[in-house]
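**Q** Fold the following, please.
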Amino acid sequence: QVHLVESGGGLVQAGGSLRLACAASGRAVSTYTMAWFRQAPGKEREFVAAISWSGGSTLYADSVKGRFIISRDNAKNTLYLQMNSLKPEDTAVYYCAARGPSRAITTVGERYDYWGQGTQVTVSS
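**A** Predicted coordinates:
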């Protein structure tokens, strides 16, 4: 069993930055592929970014490429999402997710086994 807890959300002006964190606990969690998804009001959940268990491979949605950076610290069992140049359309609840162990990166939410409770990010114009 893996438990995920997100933090770092908040209100920021357009053009600003936020750093989300996801603290993971559970057996062998450092071997899990991790990802961030988001869901805006009235919209479907969408993939944001994913990272392999080693951190050697990453994948981004086109909408965030060049602005967001996903990273992980396996010594701390923590996943991060550095969000720069934020836009109002980035407003959503952000969720971290885990699949594994040692499973391939995927953009498909249904293939992730564990989810956090989410953290709200609001970008004002």
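**Q** who touches residue 15 in this structure?
**A** Contacts for residue 15 were tallied using CB atoms under 8 Å, 6 or more residues apart in numbering; they are 85, 86. Using the backbone N, CA and C atoms, a C-beta is placed for each residue, glycine as well.
**Q** Spatially central residue for this structure, please.
**A** Residue closest to the average C-alpha location in the chain (CA atoms, centre = their mean): residue 36, at 2.2 Å.
**Q** Quickly note the distance from that one to residue 13.
**A** 21 Å (CB to CB, to the nearest Å).
**Q** do the same with residue 74
**A** Taking CB to CB, one finds residue 74 at 33 Å from residue 13.
**Q** Compute the first-to-last residue distance for stretch 111-125.
**A** In stretch 111-125, first residue to last residue: 34 Å (CA to CA, to the nearest Å).
**Q** what do you get for stretch 22-41?
**A** Note: stretch 22-41 ends 22 Å apart using CA to CA.
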